[in-house]
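Q: Got a predicted structure plus its sequence, pasted below:
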Amino acid sequence: MTRTVRDLKSAFSSLILAAANMGLTVNQGKTKYMVSNRNLNEIRTPNILIGLYQFERVETSTYLGSTVHECNDCPTEINGRILSANRCYFGLLPLKSQALSRKTKITLYKVLLRPALTYGSETRVMTKQSESVLRVLERKILRRILGPLLDHGQWRRRKNEELYQLYKDYDVVKFVKLGRLRWAGHVLRMDDVNHPNSCCSPDQMVQEGGEDRGRDGVTTWRRTQHD
């Protein structure tokens, strides 16, 4: 990870030398590179040439299970999380079984489904639309778990308030915000010499990154401070 092409070429040259000393080689076909830039009007270069290697440029990359977009597009990652949670949801037949209690089904949701839905959310800035999408999926799962309500002789869907009264826990958005606070506390407890602590310092972010013109300047750090 570098800021300039020159630094990228220098880092790759060092990697080649270190790999050669250990008898390893770089697979050109499986190695890609991505440029993180919000400027959609930038002229895209299809590939980059470093020495004898030529690498393809990609728009998205998967790192530690999270999808990173070249425009830092969080909805892309959130849609991927929703897709993963839906796969888990339709793969969990016990949620549809009447042999299990509601308490057991809720435990299955918290242990298996919610982690798939919120993975990597500690470092993600969510919009109101993203929060709404997460809540919609959670309520769909809770309605499956809690079932309909018999009201004046007729069955009907439970309202949102009725769902969370029986759920007796934070909704998924509140759970994500608590995760951000937990992550921020972990970073702040690090020594000042540690890289994550120095990168997350507000003064350091303003000094190095600044803010784009016309943007509201909402970052993960500012959102965490608001939480």
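A: Good, I have the coordinates. In this text, all values refer to a predicted model and were calculated from it rather than measured experimentally.
Q: Per the annotation, how does this protein divide into domains?
A: The record's domain parsing of the chain by automatic domain parsing lists 5-58, 72-172, 181-226.
Q: Least confident of those domains, on average?
A: Ranked by mean pLDDT, those bottom out at domain 181-226, with a mean of 61.
Q: Could you measure from the residue lying farthest from the centre of the chain over to K128?
A: Most distant from the centre of the chain: G153, at 44.0 Å, with distances by CA atoms, centre = their mean. Taking CB to CB, to the nearest Å as the measure, G153 falls 38 Å from K128. Any C-beta I mention is one placed from the backbone N, CA and C, and that applies to glycine too.
Q: same check, this time on L108
A: 29 Å.
Q: again, but for R6
A: From R6 to K128 the distance is 40 Å (CB to CB).
Q: Repeat that for I82.
A: Relative to K128, and taking CB to CB, I82 is found at 16 Å.
Q: out of the two, which sits in the busier spot?
A: I82 (17 against 8; other CB atoms under 10 Å).
Q: OK, contacts around the more buried one?
A: 117, 133-134, 137 (CB atoms under 8 Å, 6 or more residues apart in numbering).
Q: pretty sure it is in a helix, no?
A: Yes - counting by DSSP: H, G, I helix; E, B strand; the rest coil, I82 is part of a helix.
Q: Contacts for stretch 139-146, please.
A: With CB under 8 Å, 6+ apart, stretch 139-146 has contacts from 89, 95-96, 102, 105-106, 109, 113, 157-158, 160, 163-164, 166-167.
Q: hang on, the earlier thing: which one of the contacts of I82 is nearest L17?
A: L117 (42.4 Å; CB to CB).
Q: which residue packs closest to that closest one, ignoring adjacent ones?
A: Sequence neighbours aside, A85 is the residue nearest to L117 in space, at 4.0 Å (criterion: CB to CB, 6 or more residues apart in numbering).
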